[in-house]
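Colleague: Below is the sequence, then the predicted model.
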Amino acid sequence: MPKVKNWQLGREMSYPYEERHPRWQFAFVFNTNRCIGCQTCTMSCRSTWTFSKGQELMWWNNVESKPYGGHPRNWDARLLAMLEAANPGKQVWDAKGAFDGKTIFEAAQTRKSGPGAQPALGFLPTDDDWRAPNAWEDTPTGGDFKRDGQYGGGTQLPEHSVWFFHLARICNHCTYPGCLASCPRKAIYKRPDDGVVLIDQKRCRGYRECVEGCPYKKAFYRPTTRTSEKCVACFPRLEGKDRTISPTGAPAETRCMSACVGKIRLQGLVEIDKDGNWAAAPENPLAFLVRERQVALPLYPQFGTEPNGFYIPPRWVPRDYLEQMFGPGVESAIEQYSCPDRELLAVLQLFRASRQIIFRFAIEKGSKVAEVEVTLPNGKSVTQEIFNDTVLGFNKAGEEVVRLTIEEQTFERPDVHVNSI
Ligand code: SF4
Ligand code: SF4
């Protein structure tokens with residue numbers, strides 16, 4: 001099997017195909033600290049792409065309550081258990097932050113031929129597993145949880161003893177997709193212009209190997225057409241074809257991103273250099289959050305698909321749970337988010353500030369407006385200085401699409417309103 005670079009693992013790994021990279025890559029950051037589980041994103045996707053016959057169990061966007069929720073049921077716990085069984089006790093990160101264990105592609109090599117042989121380790125959920133997209137909604141866990149409805153235990157940072165959080169999920173448009181690796185028909189491809197992963201409906205024969213091979217369970221079978229379908233990253237919007245949002249044809253964000261009520265989502269396109277690395281672009285908000293600051297982390301990077309969705313981890317959740325989910329960068333990400341410096345605070349304002357994709361940000365410095373005492377996760381107290389800086393966002397053509405100050409503007413309603421009686 002060819003060797004490919006995987007920056008999230010800090011090493012090379014085996015993958016069924018040679019490395020090939022798009023010029024730009026669709027990517028997103030979700031801030032789990034802000035998600036309220038309202039499912040507006042879920043319904044905006046549903047009403048755009050999956051409202052037809054045969055798509056009833058298909059949720060390209062879903063929001064599950066962790067630790068118990070999942071669509072399909074227990075999707076992550078089941079795969080983690082399979083990986084552990086394939087490589088007992090060795091699914092670990094080393095002291096330098098590299099993953100020593102086996103990815104889904106490497107673990108699958110232990111079953112090379114005969115029944116059960118797969119390019120990527122996976123499983124096929126049953127219809128029952130897909131049935132309830134939001135089971136265990138808002139259900140907490142923790143040693144002090146009392147079943148009589150009394151929510152005992154502390155809710156003090158750095159870790160709450162009774163906790164849950166909302167995990168919003170879409171297809172990660174992975175660099176090394178498990179769905180693509182698993183397809184015997186070569187019906188799945190990654191677009192060279194934006195890295196979006198699509199299923200060619202003419203080639204697909206509905207074998208469901210992609211459903212089995214996607215570790216995030218974001219490829220779905222449609223019984224009415226006998227083909228598989230998945231998130232298409234609202235590609236007409238990426239191409240700037242929605243002229244209501246993009247009068248000049250600049251790339252726009254997807255429906256689920258645009259609809260987010262909690263302002264947890266920031267989606268973009270990052271430039272990929274000729275070696276397949278993210279091009280150095282610290283002024284691109286995605287590159288700033290993911291590569292420069294590493295405040296947003298990949299979901300289950302140990303699966304090995306190099307997902308292009310990243311999460312700012314929830315501050316209150318026990319760290320061992322977060323580290324098995326987001327890898328070894330959790331503590332540093334939470335520390336930065338707990339007391340963001342001037343630049344990070346400015347970039348955090350860009351979430352849901354524009355429906356056109358922001359390719360570059362700039363900051364105009366303002367005066368100091370506050371000092372706030374903050375307790376860091378390690379217990380140390382620091383003083384955070386807040387400046388009323390202005391953050392600007394620019395679209396692909398370099399046009400200004402966002403101008404926001406750190407201090408939210410307030411408006412006083414006049415005494416007489418148009419709807420006054
Ligand atoms: S998340 Fe799943 S469906 Fe999406 S690209 Fe990755 S492997 Fe394929
Ligand atoms: S719309 Fe935003 S806040 Fe609401 S569930 Fe979706 S991601 Fe969370």
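Modeller: Structure's in. What do you need? Ligands and ions are numbered 1, 2, ... in the order given.
Colleague: Counting neighbours, what do you get for the residue of the stretch 301-421 of the chain found nearest ligand 1?
Modeller: Nearest residue of the stretch 301-421 of the chain to ligand 1: residue 305, at 5.1 Å (CB to the nearest ligand atom). All C-beta spots, glycine's among them, are computed from the backbone N, C-alpha and C. For residue 305, the count of nearby residues is 31 (other CB atoms under 10 Å).
Colleague: from memory it sits against residue 104, does it?
Modeller: Yes - counting by CB atoms under 8 Å, residue 305 touches residue 104, with 7.3 Å between them.
Colleague: Mutual contacts of those two, please.
Modeller: 178, 215 (CB atoms under 8 Å, 6 or more residues apart in numbering).
Colleague: so the residue most central in space within the chain bridges to which residues?
Modeller: Residue closest to the mean C-alpha point of the chain, counted by CA atoms, centre = their mean, is residue 309 at 3.2 Å. In this entry, residue 309 is beta-bridged to residue 28, by DSSP bridges.
Colleague: Point out the residues in this protein that sit beside ligand 2.
Modeller: By the rule CB under 6 Å from any ligand atom, the part of the chain lying against ligand 2 is 35-41, 63, 166, 168, 259-262, 264-265.
Colleague: give me that answer again for 8 Å
Modeller: 30, 34-42, 44, 61, 63, 166, 168, 256, 259-265 (CB under 8 Å from any ligand atom).
Colleague: quick one on the thing from earlier: thought the residue nearest to the centre of the chain was touching residue 30?
Modeller: Yes - using CB under 8 Å, residue 309 is in contact with residue 30, at 6.9 Å.
Colleague: residue of the stretch 101-250 of the chain with the smallest distance to ligand 2?
Modeller: residue 168 (3.9 Å).
Colleague: pLDDT at the closest residue to residue 186 other than its chain neighbours, what is it?
Modeller: Nearest residue to residue 186, sequence neighbours excluded (CB to CB, 6 or more residues apart in numbering): residue 203, at 7.0 Å. The model reports residue 203 with a pLDDT of 98.
Colleague: which residues touch residue 203?
Modeller: 185-187.
Colleague: and residue 406, how far is that from residue 238?
Modeller: Distance, residue 406 to residue 238, using CB to CB, to the nearest Å: 30 Å.
Colleague: Same check on residue 192?
Modeller: For residue 192 relative to residue 238 (CB to CB), the value is 13 Å.
Colleague: ok, now residue 10?
Modeller: 30 Å.
Colleague: Give me the more crowded residue out of the two.
Modeller: Legend: neighbour count by other CB under 10 Å for residue 10 and residue 238, higher for residue 238 (23 against 17).
Colleague: tell me which residues of stretch 187-197 are tucked away?
Modeller: 187-188, 190-191, 194-197 (16 or more other CB atoms under 10 Å).
Colleague: Please state the backbone phi and psi of the residue in the chain that ligand 2 sits nearest to?
Modeller: Distances between the chain and ligand 2 by CB to the nearest ligand atom are smallest at residue 262, namely 2.7 Å. Phi and psi for residue 262, reported as degrees, to the nearest 10, are phi -80, psi 0.
Colleague: Spit out the contact partners of it.
Modeller: Applying CB under 8 Å, 6+ apart to residue 262 gives the contacts 34-36, 38.
Colleague: where does the stretch 101-250 of the chain dip in pLDDT?
Modeller: Along the stretch 101-250 of the chain, segments meeting pLDDT under 70 span 111-116, 143-153.
Colleague: switch to 90 and redo it
Modeller: Applying pLDDT under 90 to the stretch 101-250 of the chain flags residues 109-118, 142-157, 161-162.
Colleague: What ranges does it have for its helices?
Modeller: Counting by DSSP state H, counting those that start in this stretch, the stretch 101-250 of the chain has helices at residues 104-108, 127-130, 178-182, 209-213, 235-238.
Colleague: Relative to ligand 1, which of those helices is closest?
Modeller: Closest of these to ligand 1 is helix 178-182, at 3.3 Å (criterion: CB to the nearest ligand atom).
Colleague: Can you spell out which helices and strands pack onto that closest one?
Modeller: helix 104-108, strand 188-190, strand 197-199, helix 209-213 (3 or more CB pairs under 8 Å, 6 or more residues apart in numbering; DSSP states H and E).
Colleague: Okay, buried residues for that helix please.
Modeller: Buried residues in helix 178-182, counted by 16+ other CB under 10 Å: 178-182.
Colleague: Also stretch 405-414?
Modeller: Those would be 405-406, for stretch 405-414 by 16+ other CB under 10 Å.
Colleague: Ok, stretch 56-71 next?
Modeller: 57-71.
Colleague: Would you write a PyMOL line that selects the buried entries of the contacts of residue 262?
Modeller: Filtering the contacts of residue 262 down to the buried ones (16+ other CB under 10 Å) takes a single PyMOL command:
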select buried, resi 34+35
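Colleague: Among the contacts of residue 262, which one lies nearest to ligand 1?
Modeller: residue 35 (18.9 Å).
Colleague: And the pLDDT for the closest one?
Modeller: Taking residue 35 on its own, its pLDDT is 98.
Colleague: can you count the residues close to the nearest residue to it once chain neighbours are set aside?
Modeller: Nearest residue to residue 35, sequence neighbours excluded (CB to CB, 6+ apart): residue 166, at 4.1 Å. Using other CB under 10 Å, residue 166 has 23 neighbouring residues.
Colleague: Residue 166 against residue 62, yeah?
Modeller: No - Residue 166 lies out of contact with residue 62 (CB under 8 Å); the separation is 10.5 Å.
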